[in-house]
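Visitor: Okay, predicted coordinates and the sequence, questions at the end:
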Amino acid sequence: MSSGPARAPSETVIKSANPELVGTPGAGHVARGASLAAGALVHESAYVDEGASIGSDSRVWHFAHVMGGAVIGARCSLGQNVVVMNGVRIGDNCKIQNNVSLYEGVELGDDVFCGPSMVFTNVLNPRSAVSRKAEYKRTVVGQGATIGANATIVCGVTLGAYAFVGAGAVVTRDVPAYALVTGVPARRTGWMSEGGHALVSDGVDSAQPDAEWLRCEGTGARYRRVGEVVSLDRSAEAA
Ligand SMILES: CC(C)(COP(=O)(O)OP(=O)(O)OC[C@H]1O[C@@H](n2cnc3c(N)ncnc32)[C@H](O)[C@@H]1OP(=O)(O)O)[C@@H](O)C(=O)NCCC(=O)NCCS
């Protein structure tokens with residue numbers, strides 16, 4: 001008879017290669033009142049507070065801190081020094097690279113990539129002597145979006161699905177789905193596919209002259225752009 005929750009087969013391999021990983025509330029610095037789904041593993045140097053929830057097969061690496069009320073999906077990776085504060089929600093299959101802090105008000109969809117040392121914010125006009133806890137702004141990152149290394153996201157914006165923020169950019173406005181933005185302040189300099197390749201022009205849609213076809217340089221998949229709205233053309237898949 002099995003005792004305890006079912007474990008993913010990969011857990012045994014990963015744990016034996018990294019004996020300092022723990023997978024049970026009450027072990028290491030994981031609070032008894034934290035929730036770890038099957039296969040979730042936390043490095044013994046990381047702290048997971050009471051009330052935090054970590055989805056199945058997720059990994060929390062060295063010196064990270066997940067606060068109570070944070071909800072992390074399945075198959076996520078939280079790198080060294082990552083901090084996830086109260087109320088933050090992270091979808092499934094997200095990769096948070098080293099030195100990233102997710103402040104209250106930040107929400108990540110599924111498959112989001114946060115590059116090393118990128119910066120979220122949650123107060124627009126902070127002053128040390130003035131409490132602005134009631135004024136935290138929401139920052140929403142759509143499914144599949146990528147934020148490059150060392151980029152800064154000024155709070156209160158939405159990054160659309162599969163948006164791509166170049167390394168070092170400072171985002172001050174909403175970013176449309178599939179848009180590539182770079183620079184300070186970040187401006188749209190291109191479009192990126194779901195697989196992270198440039199989308200290049202493939203001519204206008206003869207049926208609708210204000211619509212442009214875009215082609216993924218990596219896979220050849222077709223997208224359609226009308227103004228600043230880009231969508232994946234699924235008609236080829238259906239045919
Ligand atoms: C934005 C990015 C995707 C562009 O890649 P690319 O299409 O191969 O770009 P190129 O190297 O062809 O450069 C095209 C132009 O954009 C500029 N450029 C490239 N990346 C830039 C960036 N992050 N910010 C500002 N300008 C950038 C280049 O200098 C070049 O300008 P030029 O035409 O005046 O010479 C890439 O540079 C980037 O920032 N990737 C994120 C990397 C990262 O953070 N990874 C984290 C995981 S380790």
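Guide: Right, received. Where do you want to start?
Visitor: drop to CA atoms for contacts and neighbour counts, all remaining ones
Guide: OK.
Visitor: Close to the ligand: what parts of the protein are there?
Guide: Neighbours of the ligand within the chain, by Cα under 6 Å from any ligand atom: Gly115, Gly148, Ala149, Gly166, Ala167, Gly168, Thr182, Gly183.
Visitor: Grab the two from those residues that are most spread out in space.
Guide: Farthest apart among the residues of the chain next to the ligand by Cα to Cα are Gly115 and Gly183. That separation is 15.7 Å.
Visitor: who has more neighbours, these two?
Guide: Gly115 (22 against 16; other Cα atoms under 10 Å).
Visitor: list the contacts for the more buried one?
Guide: Ile96, Gln97, Asn98, Thr146, Ile147, Gly148, Ala149, Asn150 (Cα atoms under 8 Å, 6 or more residues apart in numbering).
Visitor: Spatially nearest residue to it, not counting backbone neighbours?
Guide: Ala149 (4.3 Å; Cα to Cα, 6 or more residues apart in numbering).
Visitor: The one you found - that's part of a strand, no?
Guide: No - assigned with DSSP: H, G, I helix; E, B strand; the rest coil, Ala149 falls outside any strand and is coil.
Visitor: is it true that it touches Met118?
Guide: Yes - using Cα atoms under 8 Å, Ala149 makes contact with Met118 at a distance of 5.3 Å.
Visitor: Mutual contacts of the two, please.
Guide: Counting by Cα under 8 Å, 6+ apart, nothing touches both Ala149 and Met118.
Visitor: okay, these two: which has more neighbours?
Guide: The neighbour comparison of Ala149 against Met118 (other Cα under 10 Å) goes to Met118, with 24 against 20.
Visitor: need the longest helix for the chain.
Guide: For the chain, the helix that runs over the most residues, judged by DSSP state H, is helix 9-17.
Visitor: Residues contacting that helix, please?
Guide: Against helix 9-17 from outside (Cα under 8 Å, 6+ apart): Leu21, Val22, Gly39, Leu41, Asp57.
Visitor: returning to what we had before: so which pair among the contacts of Gly115 is furthest apart in space?
Guide: Longest span within the contacts of Gly115, Cα to Cα: Asn98 and Thr146, 14.7 Å.
Visitor: Looking only at neighbour counts, state which of these two leads.
Guide: Set Asn98 next to Thr146 and count neighbours by other Cα under 10 Å: Thr146 wins out with 26 against 21.
Visitor: ok, how many other residues are close to Glu212?
Guide: Neighbours of Glu212 (other Cα under 10 Å): 18.
Visitor: just the helices in the protein please.
Guide: Using DSSP H, helices in the chain cover 9-17, 235-238.
Visitor: For those helices, which has the smallest mean pLDDT value?
Guide: Ranked by mean pLDDT, those bottom out at helix 235-238, with a mean of 67.
Visitor: Any chance you could list what contacts stretch 220-239?
Guide: Pro176, Ala177, Tyr178, Asp210, Ala211, Glu212, Trp213, Leu214, Arg215, Cys216.
Visitor: Using PDB, write out the CA atom coordinates for that stretch.
Guide: Taking Å, rounded to 0.1, in the frame of the first residue of the first chain, the C-alpha atoms of stretch 220-239 are listed here in PDB:
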ATOM      1  CA  GLY A 220       6.700  29.000 -41.600                       C
ATOM      2  CA  ALA A 221       3.400  29.300 -39.600                       C
ATOM      3  CA  ARG A 222       1.200  32.100 -40.800                       C
ATOM      4  CA  TYR A 223      -0.200  34.900 -38.800                       C
ATOM      5  CA  ARG A 224      -2.500  37.700 -39.700                       C
ATOM      6  CA  ARG A 225      -2.200  41.400 -38.600                       C
ATOM      7  CA  VAL A 226      -4.900  44.000 -38.700                       C
ATOM      8  CA  GLY A 227      -3.500  47.200 -37.200                       C
ATOM      9  CA  GLU A 228      -1.800  46.200 -34.000                       C
ATOM     10  CA  VAL A 229      -3.800  43.000 -33.600                       C
ATOM     11  CA  VAL A 230      -2.000  39.800 -34.600                       C
ATOM     12  CA  SER A 231      -3.400  36.300 -34.500                       C
ATOM     13  CA  LEU A 232      -2.200  32.900 -35.500                       C
ATOM     14  CA  ASP A 233      -3.900  31.700 -38.700                       C
ATOM     15  CA  ARG A 234      -5.300  28.300 -37.800                       C
ATOM     16  CA  SER A 235      -7.000  27.700 -41.100                       C
ATOM     17  CA  ALA A 236      -3.900  25.900 -42.500                       C
ATOM     18  CA  GLU A 237      -3.900  23.500 -39.400                       C
ATOM     19  CA  ALA A 238      -7.600  22.800 -40.000                       C
ATOM     20  CA  ALA A 239      -7.200  22.100 -43.700                       C
END
